[in-house]
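Asker: Curious how this folds, go ahead:
(chains A and B)
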Amino acid sequence: MLAVAALLVISSAAVFCQEDSLSGSPRQSILKLQAVEYLYPEQVSVPAGKTSPVTLHFRIRDNLHINSNKPRAEYLIPTVFSLPENSGVKLVNAAYPAGTDFTLPADPDQKLSVYTGDFAIQTKIVSTPGNHLVEAKLRYQACDQTQCLPPKTITVPIDVIGK
Amino acid sequence: MVTLLSFALCWSLCRMNDRSMTSPTHSRFYNTNERSKAPVKRNTIVIGITLLVLATFAWAGWANWMYRKQAAERALASASHADLVPSAPGDVPAGGSSLTGKPAPDFTLEDLSGNKVSLSSYKGKPLLINFWATWCGPCKLETPWLVELQNQYGPKGFQIIGISAEGDDLKPDDKEGWAHDKAAIAKFVKEEHMQYPVLINGDSLAAPYGGLDAMPTSVYVDKDGKVVAMQLGISSKDDMEEHIRKAMGEGQ
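Answerer: Prediction:
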């Protein structure tokens, strides 16, 4: 019975030793994280040469916001989606969602137009025939309630198949 | 670890069983009509203990798995929970080590007119080195406070140095990019009536000044050139004034 008791103690200790080693891992700096993540679609199939609607979905990290495409102040950097030239796919139009009102605690009188959480951009594209791995871009500038991260441009990879 | 323990346990149990079966004393002891019942009883005990130990291992494995799962969820939550609460004075700014208690790293930057300005030229003065950007809402919000604080404490020898850090990683030969930045900075300075020195290319000070991952970042320096507080993000005018008084050697 002693052996059993010892084993119980040892196995419990083993569990908690593993707990310690896990909790000791370094915590990643939140400021180094990407504020916006592209969700989907990864691949779209569109009729070649015809204007086709494609809705792109993005997610903003909790407690962060980014300026909408039409921020209320001139000095703020708008969120803009773009396609590279000569990619075989042309961006005809991008319809951005309306921003939601947001006020900084330190300045409750000023309303900002921002995106938070998930948002989608409704694009219209024209593709040439063939398979195009397009590296689209989304430029944005993120803040929380007290500070702002530098403007950033992320790559939005989309496999566009023009049939 | 678990395998080794299991092996050790099985070995111990087998030894116990062997001994009990081969021991003459044991044989004599059970050399009655209980003889046939004894091994059954022993086997029951051995099986019971084995099951208990296996159950223990199963529990340990389950508990460990649950803990790891919860820890992973906590890590994910803390990573995505980007609640950028302004750091308390002396806190470590994200992305860099705290400068508090250390000498403020020296620098030489240009102002909007192209004049070179060094930190060392302010030797002996309590300072607030305020990193800001034209696209930063909280920076715009706190600038009027800075103007007022410079007016209030300037006559007592205090000095604010504004340093623009636009975060666009311009190359030195990108004339168009620099011209665009300078125009935006000059507009901001004019609109906000910033009467204190404003320098450009603060991004070049990211390494010595703890990363400058977010704007605004304020570094309070005493007259001996030592950093007495570092503030990441906007707080309040009262907080700034408190830090300024600390830099000036008042209200310690």
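
Asker: how about the strands of the stretch 51-200 of chain B, start to end?
Answerer: B:108-110, B:116-118, B:127-132, B:159-164, B:198-199 (DSSP state E, counting those that start in this stretch).

Asker: what do you get for chain A?
Answerer: A:36-40, A:43-46, A:52-60, A:65-67, A:80-82, A:89-95, A:100-104, A:107-115, A:118-127, A:130-140, A:142-143, A:152-162 (DSSP state E).

Asker: who does the last one pair up with?
Answerer: Right, strand A:152-162. Within its sheet, and counting by DSSP bridges, strand A:152-162 is paired with strand A:43-46 (parallel), strand A:130-140 (antiparallel).

Asker: quick one on the thing from earlier: export the strands of chain A to TSV and append columns for mean pLDDT and mean neighbour count.
Answerer: Where you see a C-beta, it was placed from the backbone N, CA and C, and this is true even at glycine. Formatted as TSV, the strands of chain A follow (pLDDT from 0 to 100; neighbours: other Cβ atoms under 10 Å in any protein chain shown):
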stretch	mean pLDDT	mean neighbour count
strand A:36-40	96	16
strand A:43-46	97	16
strand A:52-60	98	17
strand A:65-67	97	26
strand A:80-82	98	15
strand A:89-95	97	15
strand A:100-104	91	14
strand A:107-115	91	16
strand A:118-127	98	18
strand A:130-140	96	16
strand A:142-143	96	26
strand A:152-162	96	16
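
Asker: Quick one: these as CSV, columns for distance to B:Cys139 too.
Answerer: Output for these, formatted as CSV (distance: least, Cβ to Cβ, whole Å):
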stretch, distance to B:Cys139
strand A:36-40, 21
strand A:43-46, 40
strand A:52-60, 21
strand A:65-67, 14
strand A:80-82, 22
strand A:89-95, 29
strand A:100-104, 11
strand A:107-115, 12
strand A:118-127, 25
strand A:130-140, 18
strand A:142-143, 10
strand A:152-162, 17
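
Asker: Low-confidence regions, the stretch 1-150 of chain B specifically.
Answerer: B:1-40, B:61, B:64-97 (pLDDT under 70).

Asker: And A:Phe119, how far from B:Leu146?
Answerer: Look at A:Phe119 and B:Leu146: by Cβ to Cβ, to the nearest Å, they are 34 Å apart.

Asker: My error: substitute A:Thr146 in the last question.
Answerer: 16 Å.

Asker: again with B:Gly124
Answerer: Counting by Cβ to Cβ - B:Gly124 and B:Leu146 are separated by 21 Å.

Asker: Could you check which of these two has the larger neighbour count?
Answerer: Between B:Gly124 and B:Leu146, counted using other Cβ atoms under 10 Å in any protein chain shown, the more crowded position is B:Leu146 (24 against 8).

Asker: since we're on the residue nearest to that one when sequence neighbours are not counted, how many residues are nearby?
Answerer: With Cβ to Cβ, 6 or more residues apart in numbering or on different chains as the criterion, B:Leu146 has its nearest non-adjacent residue at 5.6 Å, and that residue is B:Ile160. By other Cβ under 10 Å, 22 other residues sit near B:Ile160.

Asker: Relative to chain A, how far out is B:Ile160?
Answerer: 19 Å (Cβ to the nearest Cβ, to the nearest Å).

Asker: Help me confirm that that residue comes into contact with B:Leu128.
Answerer: Yes: contact criterion Cβ atoms under 8 Å: B:Ile160 and B:Leu128 qualify, at 4.7 Å.

Asker: what is in contact with those two at once?
Answerer: B:Leu146, B:Leu149 (Cβ atoms under 8 Å, 6 or more residues apart in numbering or on different chains).

Asker: Helix, strand, or coil at the closest residue to B:Ala206 other than its chain neighbours?
Answerer: Nearest residue to B:Ala206, sequence neighbours excluded (Cβ to Cβ, 6+ apart): B:Leu212, at 4.4 Å. Taken by DSSP: H, G, I helix; E, B strand; the rest coil, the conformation at B:Leu212 corresponds to coil.

Asker: now B:Asn43: how far from B:Ala58?
Answerer: Distance of B:Asn43 to B:Ala58, given as Cβ to Cβ: 22 Å.

Asker: Also B:His243?
Answerer: Taking Cβ to Cβ, one finds B:His243 at 56 Å from B:Ala58.

Asker: More neighbours: which of these two?
Answerer: Between B:His243 and B:Ala58, counted using other Cβ under 10 Å, B:His243 has the larger neighbour count: 22 against 10.

Asker: Pretty sure that one sits against B:Val219.
Answerer: No: counting by Cβ under 8 Å, B:His243 does not reach B:Val219; the two are 9.6 Å apart.
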